[in-house]
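Enquirer: Only the shape, not the letters, is given here:
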């Protein structure tokens with residue numbers, strides 16, 4: 001089926017790819033600030049649309065009876081997914097995006113390999129290597145992202161799933177996948193690249209299963225880097241500069257973000273990926289040992305908030321689960337009408353993906369200057385009369401500062417215990433993703449308001465208005 005419109009030459013396509021690359025870079029740069037993130041996203045998306053359009057118009061394109069329906073179906077799925085997904089489910093969406101990127105790279109690698117496989121030595125060595133690398137890294141990204149999605153969606157246990165000598169088994173499986181790739185490169189027989197893909201899919205599953213829910217921000221960033229690498233290799237296979245440039249940007253940013261997230265938890269990337277962090281510790285000290293948990297009521301907390309001069313709100317995953325971002329903004333509005341200054345303390349790994357809390361609060365139109373990162377927030381706690389913690393557990397645990405026996409030891413935390421009063425909104429006394437108790441809860445200045453975060457915040461709003 002021939003193209004119904006005029007085609008463009010490769011030189012023109014390369015110029016457009018350069019323009020698209022500039023749009024990618026500028027778009028990513030503008031994502032660094034919440035005030036410019038929307039325009040940055042539009043700019044990068046526009047660059048991608050331009051690259052796709054001119055790729056389709058390139059001389060030599062065909063199979064339009066397959067391309068047009070695929071474009072239509074994909075566009076409709078993307079449109080409805082983007083409009084229907086809740087902001088609280090954005091981490092799951094990112095995990096799926098990572099997986100789809102890896103899956104697309106696998107299909108490209110397998111298709112190109114099979115296209116040349118019947119002809120011995122027909123696939124140049126560099127393209128053969130790129131195909132095999134794309135198949136390997138893309139398959140790991142695909143299956144690993146599916147498992148990450150399952151953990152985030154709570155379809156799978158959030159705690160690490162481990163078995164004896166698991167890392168040794170994974171290492172052997174990786175070596176086996178490499179061996180299949182070597183044989184596939186030598187024989188150029190399609191069965192071997194299929195075995196590479198199968199082995200890599202199993203490896204991706206076993207790679208992510210032993211990683212606990214507390215480390216999902218790092219895992220998402222790491223798989224994002226993998227999806228970028230798979231796009232780069234697919235770009236080499238297809239001789240597509242836009243894919244190479246875009247994939248490089250994704251891979252580099254994902255790698256940098258992985259390192260930053262690991263640093264925010266004071267742990268190495270290797271420990272995050274291979275340490276099975278988050279298993280419930282045998283013999284762990286119960287939170288009530290050596291102290292008393294003090295429960296409070298919405299009325300008492302409301303009075304405390306109304307008479308404060310500054311309140312620090314500390315959002316965590318409990319806020320996301322309860323979808324309470326709009327409710328906490330409403331509470332802040334009520335307090336600010338009474339002259340209370342409200343600020344928000346954001347830990348780098350609060351939530352299930354990098355920037356999760358920022359995204360949720362931005363959706364609720366919380367003013368950007370009120371969102372403080374950890375370094376800016378910690379000096380504000382001693383000047384605050386109340387720290388209102390909504391579900392954040394591990395990132396507020398004082399044990400990270402002094403208890404060398406704690407798996408959290410050394411992790412930078414939000415110093416909520418240095419506020420005059422601390423109120424924690426939590427469903428129960430269950431430990432966080434790290435599987436350890438939070439000693440903050442037995443601090444004499446800490447009070448617990450149990451229940452669903454949104455319901456508790458609504459009760460606080462009603463009590464604050466009545467006070």
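Expert: That came in fine, so what should we check first? Here the structure is a predicted model, which is why all the values come from computation and not from measurement.
Enquirer: quick one, phi psi at residue 386?
Expert: Dihedral pair for residue 386: phi -140, psi 130, per degrees, to the nearest 10.
Enquirer: give me the beta-bridge partners of it?
Expert: residue 311, residue 421 (DSSP bridges).
Enquirer: Pretty sure it sits against residue 305.
Expert: Yes - here residue 386 reaches residue 305: they are 5.8 Å apart, a contact under CB atoms under 8 Å. To be clear about C-beta, it is placed using only N, CA and C from the backbone, and glycine gets the same treatment.
Enquirer: Find the residues that touch each one of the two.
Expert: Listed as contacting both residue 386 and residue 305 by CB atoms under 8 Å, 6 or more residues apart in numbering are residue 311.
Enquirer: What mean pLDDT does stretch 43-63 get?
Expert: In this model, stretch 43-63 carries a mean pLDDT of 85.
Enquirer: repeat for stretch 393-400
Expert: Mean pLDDT, computed over stretch 393-400, is 88.
Enquirer: Please apply the same query to stretch 224-243.
Expert: Mean predicted confidence for stretch 224-243 is 89.
Enquirer: chain center to it, what's the gap?
Expert: From the chain centre to the centre of stretch 224-243 is a distance of 21 Å (CA atoms, centre = their mean, to the nearest Å).
Enquirer: Can you list the buried residues in it?
Expert: Neighbour-count burial for stretch 224-243, with 16 or more other CB atoms under 10 Å as criterion, is recorded at 224-238, 240-243.
Enquirer: Can you flag which of those belong to strands?
Expert: Using DSSP state E, the subset of the buried residues of stretch 224-243 located in strands is empty.
Enquirer: Please flag which of those sit within helices.
Expert: Using DSSP state H, the members of these that fall within helices are 224-238, 241-243.
Enquirer: residue contacts, the residue nearest to residue 104 when sequence neighbours are not counted?
Expert: Distances taken as CB to CB, 6 or more residues apart in numbering put residue 234 closest to residue 104, at 7.1 Å, once the chain neighbours are dropped. Shown in contact with residue 234 (CB under 8 Å, 6+ apart): 104, 105, 108, 109, 130, 134, 138, 240, 243, 247.
Enquirer: My guess is the fourth one contacts residue 236. True?
Expert: No - the pair residue 109 / residue 236 is not scored as a contact, 10.2 Å apart, by CB under 8 Å.
Enquirer: shared neighbours of these two, which are they?
Expert: Common neighbours of residue 109 and residue 236, using CB under 8 Å, 6+ apart, are residue 130.
Enquirer: Could you report the distance from the most centrally placed residue in the chain to residue 94?
Expert: Nearest to the mean C-alpha position of the chain, by CA atoms, centre = their mean, lies residue 353 at 3.1 Å. Here residue 353 is placed at a distance of 6 Å from residue 94 (CB to CB, to the nearest Å).
Enquirer: Which neighbours do those two have in common?
Expert: Residues within reach of residue 353 and of residue 94 at once, by CB under 8 Å, 6+ apart, are residue 220.
Enquirer: which other residues reach the helix or strand residue 261 falls within?
Expert: Following DSSP states H and E, one finds residue 261 within helix 241-264. The contact list for helix 241-264 (CB under 8 Å, 6+ apart) reads 14, 17, 20-21, 24-25, 28, 48, 51, 55, 101, 217-218, 221-236, 268-269, 271-272, 347-349, 354, 374, 411-412.
Enquirer: Repeat the analysis, applying 6 Å as the threshold.
Expert: 17, 20-21, 24, 51, 217-218, 221-222, 224-225, 228-229, 231-232, 234-235, 269, 272, 348-349, 354 (CB atoms under 6 Å, 6 or more residues apart in numbering).
Enquirer: And for stretch 376-384?
Expert: So stretch 376-384 is contacted by 310, 312, 345, 415, 418, 419 (CB under 6 Å, 6+ apart).
Enquirer: switch to 8 Å and redo it
Expert: For stretch 376-384, using CB under 8 Å, 6+ apart, the contacting residues are 308, 310-312, 343-346, 372, 387, 414-420.
Enquirer: do stretch 70-84 as well
Expert: For stretch 70-84, using CB under 8 Å, 6+ apart, the contacting residues are residue 93.
Enquirer: Now do the same for it: mean pLDDT, whole number.
Expert: 88.
Enquirer: now the helices for the stretch 251-400 of the chain?
Expert: Counting by DSSP state H, counting those that start in this stretch, the segments of the stretch 251-400 of the chain that form helices are 269-274, 298-306, 317-322, 325-337, 356-363, 374-377, 399-402.
Enquirer: Could I get the buried residue list for the second one?
Expert: What it means is helix 298-306. Under 16+ other CB under 10 Å, the buried positions of helix 298-306 are 298, 301, 302, 304, 305, 306.
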